[in-house]
Every structure is written in C-alpha cells, then in structure tokens.
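Colleague: test case, fold it:
(chains A, B, C and D)
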Number of protein chains: 2
Amino acid sequence: MTDTRWRPVKRTRTFEEVLAQIEHRISEDGLTAGDRLPAERQLAEQLGVSRSSVREAMRVLETLGVVSSQAGRGPDAGAVLVSRPDTALADLLRLHLGLAGLELREVVDTRLMIERWAAGHAATARADTSALAAAYAGMAGARTPEEFVEHDTAFHCAIADASGNRLTGAIMRSLRDSMRRYAVEAVERLGDTSPLQADHERILTAIAAGDPEEAARAVTDHLALAYPSLRQETP
Amino acid sequence: MTDTRWRPVKRTRTFEEVLAQIEHRISEDGLTAGDRLPAERQLAEQLGVSRSSVREAMRVLETLGVVSSQAGRGPDAGAVLVSRPDTALADLLRLHLGLAGLELREVVDTRLMIERWAAGHAATARADTSALAAAYAGMAGARTPEEFVEHDTAFHCAIADASGNRLTGAIMRSLRDSMRRYAVEAVERLGDTSPLQADHERILTAIAAGDPEEAARAVTDHLALAYPSLRQETP
DNA sequence: CATCGGATATGGTCTGACCATACTGTGGTC
DNA sequence: GACCACAGTATGGTCAGACCATATCCGATG
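Modeller: Predicted coordinates:
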C-alpha cells in the first residue's frame, strides 16, 4: 500500500488567515458597524502578507455584507464595518437558484413559512402598520406589473419587519429579491391584480386588528392564489 | 453651482464585471454543480482583464458557496461549480452575530420558527426518521457537552431536512453552526441532559407517528427548556 | 476671507514572477 | 506486459511593485 498517512485536509490559505485575524480583531476590540478597519497596505504590513491576500479577504467580507470599501481620503474612506446581510443573502439565493441547486417551490414554501409566522407575531405585538399601509397604497397606483411587484415586495417585507425580528426580515427581503422575476411573471399571468389587493387588505386588517390566526390564514390564502401551481404543499 | 452632472452612482469595478460575466455564462450555458469553469489565466485573457480581478471574483463566488477551487491538475482541479449554501450562510450569520448586527434571540426565534414548521411537515409527510434516530442514539452516548451538542445539532438539522425543503435545511444548519458556542453553554448550564433527551424522544415519536400538531408542540416545549431566558417570546 | 490647486491617502487594477500541488505521460525495470 | 519512478505541466496561491482613480486636506494665492 502506498503512503496513506494523514495530511491536513487543506492548507489554510493566506487570505483565510487574514480573515481569521480580522474576525478576531472585530470580536476582541468590540468593533461594530461604523468603525473603520486599517488600510489595506497597513493591514498587509501588520500581518506580514501581501496586499493581494488582504484584498481577497476584503472581497469576502464585502460579499458577506460586513464591510464596505470606499476609495479616497477622509473619515468615510477605507474599509468601514457595516451590517448588511440582506444583499449578501439575496446574492446567495439568486446564484443558487440559477445553479438549479434550489427549486422555486422551496423558496416559495420558505417564504410562506416566514410570512405566516411574521404575520402572527406582528398581529400579536400590535405592530405599527403604517409601512404596510403605504405599500398597499403604492400597489393601488401601480401601472405596470413591475411596479406592482415593487410595492408588493415592500408590503410583504413590511410584514416580516413588523415581526420585530431582523433576521427573518433580511431573509424575506432576500427571498423576494431572488424571485423577483417569477413574481412579475405571476402577476402578468394573473392579469387582474384586484384579487391580490383584496388579499392584501385582508392581511392588513387582520394585523391591525391584532388577530394572529386570521392574519396567518390570510397570508396562506394569498400565496395560494399567487402561486397556484404550488398549492398542494401548503397544509 | 458646481458641476452636478449625473455620474453613475458607483463605477462598477472590474471584478464585478467578471462576476456578471460568469453568472451570465452559468445561466446561459446551463451550467450546474459539477461543471468546471475555465482556468483563471484563461478566463482573464477571454475577458480582457487581469488575473487579480478574476481571482477576486472567484473569492466572491467561493464565499457564496457557488464554486470550489482546487489546485493541481486533472478533472477535479480548477474552479468547479458546487452548491453549498450552508457554509456561506453560516459564515454570514456568525459574522453578523459578532458585529452585534443580530441578537441571539432573533436567531433562536428564527430557529424555532423553522423547526416547528419542519417538524409539522416531516410528520405530515411521514418522513424517514432513521437520521433522527441515529442522532438521538449519538446523544445518549455523548460524554461531554461539546459531543452532546454535536449530535444535538445533527438531530435538529435532521428535522429540518426531513421537511424535504433544502433551503430551510441549509438555513437551519447555518443557524446551528453560528450559535454552537451558546448551545454548549446552555447544555453546561443545564448540567443534566436527560430532560433534553426526553424531549427529543417525544419529538421523534411524534414525527414517526405522523402527528404534526404534537410534533410542533414538542419542538416548542423543547426550545423553551433549552433557552429559558427567551421563553416569553414563544407564543 | 474665499478659492483654487497640488499633496496625499485610500482603494482598484495590472504585470510578471515564483511557489505548491496534483495529475500525465514517458521511459526504465522486473 | 505490468509496474514504478520521475520529469513535465496545468492549475491555483502568493508576492512585489507599479500605476491609476478618487476624495480629502491644506497651503498658496487672489
């Protein structure tokens, strides 16, 4: 038998080491959104690596919605810590949908799960419904399917936000972003948007009235209407 | 007034152009997991950019769990398309938890939402419970909190997987990964794991018996026990 | 005091080189 | 013919140094 001695699965690449250092520094120094990271050249010298490796680490952090890089000089320049999971999640889902690693029905089911949960919570908590009402009004004035979907997205994201949980809100926004195309198609296929608006009014009323069961039912019925082909999966 | 002529909000960086090209190529050529991307040098030449820019784009795709790079030569070498949203999601959540952009209670609440939903679906679908049973047995033989949490994570991820929805499964895995530390602390604080095991048996039985309501209740009670400080948020 | 223009710090890109890794093919050995 | 050792080579990983684009800062100038 040849040499099957154990070798480490994978040598840690330099930029991963940089990532670990930065992450360590964040948790150690208690950095939060708004704080600045050292400049790329400076970081490279501190860690004893090349600027390329630092840059690749920065790309990763930027992809994850943790830093935002800005050229130039001054307080706003450089790599600033942010907290923007939404766009990162949206990119992630969009790419995996495109890769056929995920199917639309899985995304829609997940969305239904979140939305029922959020609608119930929002109703229980008697959450502020002004954002919902604004989006509802926006849909009424929409002239194209794209415009309608825009406000529809805002409406449904407002439901998730009203639950008070930022994580579900972020997931919701990403789900909507990644399935925008299909939403437009669904609206075009339906033609008339008035049934959708009736649903929306029912949802809005239930949340405002603080009726979690009715809110959850209304959301379920609404998604069954918007995505009839997936109906059988919503018990 | 100075020149207020319109400038594009932000000049698209080169590597973003590369990203768009690759993404376009994926959806256009119908590439799926397992297919190979051109080599970095080759891609750089094709797109008329430097290898650095291609590499930064690769880092982004790798971060999103879409490609996996492997040095060397042969069929497995180079940038291969994969579909691994789990690790990407886990990194994302972990970093945002560290940045205080998210709070633990939001993560736990989201986990409860998914787990109730998944338990109900798994019970309804009479899903295969062998993975659940195996993880349950693993917990019984665990000797340290870390080991217990390891199998506990497998158990709860198996619930999410049993729902048949890969997206919720991936989210579940990421949530568990990102809160592993807190889970270990919770087990240590509890000391005795037998109440947890009793819960697990109840969940397992309910799913195997195809009783969605009981499964959802069992999961809810279980998380209330494991995270007592968050109990008031689980109506 | 106001304004303009260079100095400067920052990220963005490119080039070319070298290293580490892992397969490929070739040639020798048994 | 089967097997094995070794050079060849394509791939990603890293580095160094240069230059460009952008945005602020600051001093000179009117």
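Colleague: going forward, measure contacts between C-alpha atoms and count neighbours the same way
Modeller: Will do.
Colleague: quick one, helices of chain A?
Modeller: Taking DSSP state H, the helices of chain A run over residues A:14-29, A:40-47, A:51-63, A:85-98, A:104-124, A:130-140, A:145-162, A:166-178, A:180-190, A:194-209, A:212-226.
Colleague: what would these look like in a markdown table with mean neighbour count, mean pLDDT and distance to DNA strand C?
Modeller: A markdown table is the format used below for the helices of chain A (neighbours: other Cα atoms under 10 Å in any protein chain shown; pLDDT from 0 to 100; distance: least, Cα to the nearest atom of the strand, whole Å):
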| stretch | mean neighbour count | mean pLDDT | distance to DNA strand C |
| --- | --- | --- | --- |
| helix A:14-29 | 16 | 95 | 12 |
| helix A:40-47 | 14 | 97 | 4 |
| helix A:51-63 | 22 | 98 | 7 |
| helix A:85-98 | 22 | 89 | 16 |
| helix A:104-124 | 22 | 92 | 32 |
| helix A:130-140 | 18 | 94 | 34 |
| helix A:145-162 | 22 | 94 | 29 |
| helix A:166-178 | 23 | 91 | 23 |
| helix A:180-190 | 16 | 87 | 27 |
| helix A:194-209 | 19 | 94 | 41 |
| helix A:212-226 | 20 | 92 | 40 |
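Colleague: indicate which one of those is closest to residue B:198.
Modeller: Of all the helices of chain A, helix A:104-124 sits nearest to residue B:198, with 26.8 Å by Cα to Cα.
Colleague: contacts for that closest one, please.
Modeller: Surrounding helix A:104-124, the residues in contact under the criterion Cα atoms under 8 Å, 6 or more residues apart in numbering or on different chains are A:97, A:156, A:159-164, A:168, A:172, A:175, A:179, A:206-213, A:215-217, A:219-220, A:223, A:230, A:233-234, B:113-114, B:117, B:165-168.
Colleague: surely residue A:18 and residue A:53 touch.
Modeller: Yes: using Cα atoms under 8 Å as the test, residue A:18 is close enough to residue A:53 to be in contact (7.4 Å).
Colleague: now the residue sitting nearest the centre point of chain A. Nearest residue, chain neighbours left out?
Modeller: For chain A, the residue whose C-alpha lies nearest the mean C-alpha position (Cα atoms, centre = their mean) is residue A:174; its distance is 3.0 Å. Spatial nearest neighbour of residue A:174, chain neighbours left out: residue A:90 (4.0 Å); criterion: Cα to Cα, 6 or more residues apart in numbering or on different chains.
Colleague: hmm, back to that, what's the spacing between the residue nearest to the centre of chain A and residue B:209?
Modeller: 35 Å (Cα to Cα, to the nearest Å).
Colleague: could you chop chain A up by domain?
Modeller: Taking automatic domain parsing as the domain assignment, the ranges for chain A are A:14-81, A:86-233.
Colleague: any chance of the ones you listed in CSV, plus distance to residue B:35?
Modeller: Written out in CSV, the entries for these read as follows (distance: least, Cα to Cα, whole Å):
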stretch, distance to residue B:35
domain A:14-81, 23
domain A:86-233, 11
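Colleague: among the ones you listed, which is nearest residue B:126?
Modeller: Counting by Cα to Cα, residue B:126 lies closest to domain A:86-233 out of the domains of chain A; the figure is 14.3 Å.
Colleague: show me which residues of chain A sit near chain B.
Modeller: Counting by Cα under 8 Å from any Cα of the partner chain, chain A comes close to chain B at A:23, A:26-27, A:30-33, A:52, A:55-56, A:59-60, A:63-66, A:83, A:85, A:89, A:91-92, A:95-96, A:98-102, A:106-107, A:110, A:113-114, A:117, A:165-168.
Colleague: how far away is residue A:169 from residue A:118?
Modeller: The value you get for residue A:169 to residue A:118, if Cα to Cα is used, is 9 Å.
Colleague: residue A:184 contacts residue A:144, doesn't it?
Modeller: No: assessed by Cα under 8 Å, residue A:184 is found out of contact with residue A:144, at 9.5 Å.
Colleague: related to what we said a few turns ago, right, so of the helices of chain A, which gets closest to residue B:45?
Modeller: Nearest to residue B:45 among those is helix A:51-63 (19.5 Å), distances taken as Cα to Cα.
Colleague: quick one: contacts of the closest one?
Modeller: Contacts of helix A:51-63 from elsewhere in the structure, counted by Cα under 8 Å, 6+ apart, are A:14-16, A:18-19, A:40-41, A:43-44, A:67-69, A:88, B:52, B:55-56, B:59-60, B:63-64.
Colleague: try it again with 6 Å
Modeller: Where contact means Cα atoms under 6 Å, 6 or more residues apart in numbering or on different chains, the residues beyond helix A:51-63 that reach it are A:15, A:19, A:41, A:44, A:67-68, A:88, B:56, B:60.
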